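Trainee: what follows is a predicted protein model with its sequence.
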Amino acid sequence: MIQTRLKEFLQLLTPPTRSNLLDELERLELSGTELPGVGQVMETLRAEFRSNGQTQKRNSTPARHFFAPLEPLLVEGALQQAATGAIQRGSLSPIWEWISRDLLPTMARDYIKNLTELIAADKQRDARQAASTFQTKVVKSLENILNSPDSASQIRAKLSTYTASPTVFDDLVQMFSALRVREELAKLNEALPARLARFEDAEVAKVTPLLAAFAKTRPEELPFALMLVAGRLKTHWHLIRVATKAAATKNAADVAATPYAAAVTMVLDRLEDKRRLLRIALRHERILVAKEILVDVYDTEYALGVRIDQFAESAWGQRLDAVMASITELVESEVSRFPDNVGHVLGSRSLRSHNSLSGRLTYWAWKGRDAINDGAAMCKKMLGAA
């Protein structure tokens, strides 16, 4: 009876509204918000979209073409603060609703009609051109309103009618910045290697000139370029090597002074997201998934402290401490559910691989190489001064 009434209620909503409702419920679930009784609603909506052959990314075809240049910059999840150099995929749906209903409703309607006809006629090139034209119109419109505090407040209020996400306005600003440099980002994306499995010195040396050329004309949008590099890495924390290799020394202050300091912030953003994923894994008792997350977290924590000197005293170090304290609390809460004489895999010291003999040897190898590199850098600096 309840299920029947639920379906009847949902059918009173328009398809776009049902889609937005499911998007919002999924976002709240990912952010860790407890919503008793919504499981049945979500399952009913998911079943509807599956039966219609739609995936969970339910943006319309015109919207997908509009957001296509942002695809390499999109991140999943529901962060509580904007991610550096990235845009949350969950923000696209409410942003599109705002663009098509509030920002440029007439132009959006014409664009949707035109693009739908072009796709039906299989004119893909013309469809991409139509999307690019509408992107330019949106960017120009946003240029006129984002700089005004009053307009920004009005945009926030409008966006809040489509989502409760605390980061959607920041993602809109990020979208605006990324679309302004979409052509430059596309060229950089083509120039970068397809994969960066190890990202050692040779690979960093190939990538850095490409980033430097981008930063020369678009310094404020450099985090987007770093995001393109991050998407090619097998191990995410390796991104900090762009900043540490460019620094005069490995001291945190010198790393922070490089143009690529955002790379460290982006690695910390990733840790924040890992904390969210760990919370979800523990809630659903997916212990093996939680174990994999923790191994990645501990490796990243260790690498940051080892690869950047005086890291603990920096603002980055303070943020890392806060994240790790929260993660430790989650793990201890899980482990405490079991008696002391019963071991828990999440409490095992083996998860911290750097405590092993090979881990300690790697540490001294890193430190030895850093000492040589720092010595060479100091000599060059002294010769330059002379």
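Mentor: Nice, I can see it.

Trainee: and Arg307, how far from Ile240?
Mentor: 6 Å (CB to CB, to the nearest Å). C-beta: built from backbone N, CA, C; applies to glycine.

Trainee: overlap in contacts of those two?
Mentor: Common neighbours of Arg307 and Ile240 (criterion: CB atoms under 8 Å, 6 or more residues apart in numbering): none identified.

Trainee: of these two, give the one with the bigger neighbour count.
Mentor: The neighbour comparison of Arg307 against Ile240 (other CB atoms under 10 Å) goes to Ile240, with 25 against 20.

Trainee: and the average pLDDT for stretch 71-83 is what?
Mentor: Averaged across stretch 71-83, pLDDT comes to 84.

Trainee: determine how far that stretch lies from the middle of the whole chain.
Mentor: Here stretch 71-83 is found 4 Å from its chain centre; the criterion is CA atoms, centre = their mean, to the nearest Å.

Trainee: torsion angles phi and psi at Arg180?
Mentor: phi -60, psi -30 (degrees, to the nearest 10).

Trainee: all helices of the stretch 1-150 of the chain, in order?
Mentor: Counting by DSSP state H, counting those that start in this stretch, the stretch 1-150 of the chain has helices at residues 2-11, 15-30, 39-51, 61-67, 92-98, 105-120, 124-145, 149-159.

Trainee: next, format these as CSV and append distance to Val173 and mean neighbour count.
Mentor: Shown next, in CSV, are the helices of the stretch 1-150 of the chain (distance: least, CB to CB, whole Å; neighbours: other CB atoms under 10 Å):
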stretch, distance to Val173, mean neighbour count
helix 2-11, 33, 11
helix 15-30, 19, 18
helix 39-51, 30, 14
helix 61-67, 15, 21
helix 92-98, 11, 22
helix 105-120, 19, 15
helix 124-145, 9, 16
helix 149-159, 9, 13
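
Trainee: Val323: which of those helices is closest?
Mentor: With CB to CB as the criterion, Val323 lies closest to helix 15-30 of these, at 17.6 Å.

Trainee: quick one: Asp171 from Leu222, how far?
Mentor: Counting by CB to CB, the gap from Asp171 to Leu222 is 18 Å.

Trainee: so these two - more neighbours on which side?
Mentor: Asp171 (25 against 21).

Trainee: quick one: work out the angle between the strand or helix carrying that one and helix 149-159.
Mentor: Using DSSP states H and E, Asp171 maps to helix 168-180. With axes from the mean of the first three to the mean of the last three CA atoms, to 10 degrees defining the directions, helix 168-180 sits at 110 degrees from helix 149-159.

Trainee: and the contacts of helix 168-180?
Mentor: 67, 69-70, 73, 81-82, 86-88, 91, 94-95, 98, 135, 138-139, 142-143, 146, 152, 155-156, 159, 162, 165, 185, 220-221, 224.

Trainee: out of the helices of the stretch 1-150 of the chain, which gets the lowest mean score?
Mentor: helix 2-11 (a mean of 63).

Trainee: pull out the buried positions in stretch 184-203.
Mentor: 184-185, 188, 192, 196, 199, 203 (16 or more other CB atoms under 10 Å).

Trainee: repeat that for stretch 239-248.
Mentor: Buried-residue list, stretch 239-248, by 16+ other CB under 10 Å: 239-247.

Trainee: who does the helix or strand Ile280 falls within touch, helix- and strand-wise?
Mentor: Using DSSP H and E, Ile280 falls within helix 262-283. Judged by 3 or more CB pairs under 8 Å, 6 or more residues apart in numbering; DSSP states H and E, helix 262-283 is in contact with helix 222-230, helix 240-246, helix 287-307, helix 315-335.

Trainee: what's the most buried one of these?
Mentor: helix 222-230 (a mean of 24; mean count of other CB atoms under 10 Å).

Trainee: what is the mean pLDDT for that helix?
Mentor: 98.

Trainee: does anything pack onto it? Which helices or strands?
Mentor: Looks like helix 222-230 contacts helix 182-191, helix 201-217, helix 262-283 (3+ CB pairs under 8 Å, 6+ apart).

Trainee: not counting sequence-adjacent ones, nearest residue to Arg195?
Mentor: Of all residues not flanking Arg195 in the chain, Arg232 sits nearest, at 5.7 Å (CB to CB, 6 or more residues apart in numbering).

Trainee: contacts only, for the one you found.
Mentor: 192-196 are the contacts of Arg232 under CB under 8 Å, 6+ apart.

Trainee: how about it, phi and psi?
Mentor: According to degrees, to the nearest 10, Arg232 has phi -100, psi -10.

Trainee: equivalent analysis for the one 3 residues further on, please.
Mentor: The phi and psi torsions at Thr235 (degrees, to the nearest 10) take the values phi -120, psi 120.

Trainee: quick one: pLDDT of it?
Mentor: At Thr235, pLDDT is 94.

Trainee: and the buried residues of stretch 184-203 as TSV, adding pLDDT and distance to Val289?
Mentor: Output for those, formatted as TSV (pLDDT from 0 to 100; distance: CB to CB, whole Å):
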residue	pLDDT	distance to Val289
Glu184	97	38
Leu185	97	33
Leu188	97	34
Leu192	96	30
Leu196	93	25
Phe199	93	25
Glu203	95	30
